[in-house]
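K.L.:
Have a look at this fold, sequence not included:
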């Protein structure tokens, strides 16, 4: 089995509802995402996938969807305030946790047809969430 990993970085803001601690306040992160692809055999060029192609595919969606965005749970009281001010932000049906970001990225890349097997989402240098579907 062959595996490759590409790393993509981006910035985002969020806060968590029903949480006691620092993450209950608006704050931001410099995220690092590790995308792992797997293949039983290599393509004619000798690749699982070209790193440049993988990075471009992931980067395009991350830049358009996640980078420099504020993520809030749909029932966060700040949603109404931000909407009234015309601010751009993203409402999610769940808390914007590292676990959910890892799953969102995985599912998008899988829909794009990439042979993704795992996404590791580094919220900080020491805090990492991983999503890999059960076989």
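P.N.:
Cool, the structure landed. No experiment lies behind these values; they were computed from the predicted model shown. Numbers count the residues shown, from 1 in each chain.

K.L.:
who touches the residue nearest to the spatial centre of the chain in this structure?
P.N.:
Geometric centre of the chain, nearest residue: residue 101, 3.9 Å, by C-alpha atoms, centre = their mean. Residue 101 sits next to 31, 33, 66, 121, 129 when contact means C-beta atoms under 8 Å, 6 or more residues apart in numbering. C-beta coordinates here come from the backbone N, C-alpha and C atoms, glycine included.

K.L.:
So it versus residue 54, what's the distance?
P.N.:
Residue 101 sits 18 Å away from residue 54, going by C-beta to C-beta, to the nearest Å.

K.L.:
for residue 100, same thing?
P.N.:
22 Å.

K.L.:
These two: who's more crowded?
P.N.:
With neighbours defined as other C-beta atoms under 10 Å, residue 100 and residue 54 compare such that residue 54 has more, 21 against 18.

K.L.:
these two touch, right, the more buried one and residue 4?
P.N.:
Yes: with contact defined as C-beta atoms under 8 Å, residue 54 counts as touching residue 4 (7.2 Å).

K.L.:
shared neighbours, those two?
P.N.:
The contact lists of residue 54 and residue 4 share residue 37, where a contact means C-beta under 8 Å, 6+ apart.

K.L.:
where do the helices sit along this protein?
P.N.:
According to DSSP state H, the chain carries its helices in the segments 51-65, 78-84, 98-111.
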